[in-house]
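Student: task: produce atomic coordinates for the following.
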Amino acid sequence: MPTAIVPAIYDPSLADDNLWIETEDAYAMTRWLGRNEGLLVGMSSGANVHAARTVGKKLAAAGESGVVVTMLADGATKYLSESFWND
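Tutor: Numbering: from 1, shown residues only. Model (predicted):
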């Protein structure tokens, strides 16, 4: 995401792939998770779910099967005053 902060412990050589997620897509997924699944998470978790769905769709389109796992490591309590919730 353009707004992402890359932690100092991140080693890009260990990643199999990197997905570019637009901030607006992360916001939309974050809202969807809250409204439809009851998961009050932060934007990075929304980005994670959006990316996991993208990977799953690519696998399905290629006729492949697999297990896609992601973590929702942040809550939304510090983001509740953000205006993106109002969309």
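
Student: from the contact counts, what lies against the helix of greatest length in the chain?
Tutor: Ranked by number of residues, the top helix in the chain under DSSP state H is helix 43-61. For helix 43-61, the helices and strands in contact under the criterion 3 or more Cβ pairs under 8 Å, 6 or more residues apart in numbering; DSSP states H and E are helix 23-37. Where you see a C-beta, it was placed from the backbone N, CA and C, and this is true even at glycine.

Student: check what pLDDT Phe84 gets.
Tutor: Phe84 is assigned a pLDDT of 69 by the prediction.

Student: go on, Asn36?
Tutor: Confidence at Asn36, expressed as pLDDT, is 95.

Student: tell me the residue in the protein that is farthest from the middle.
Tutor: Most distant from the centre of the chain: Gly63, at 23.6 Å, with distances by Cα atoms, centre = their mean.

Student: distance between the helix or strand of the chain with the lowest mean pLDDT and the chain's centre?
Tutor: Taking mean pLDDT, DSSP states H and E as the measure, helix 23-37 is the helix or strand of the chain with the lowest mean score, a mean of 92. On the basis of Cα atoms, centre = their mean, to the nearest Å, the separation between the geometric centre of helix 23-37 and that of its chain is 9 Å.
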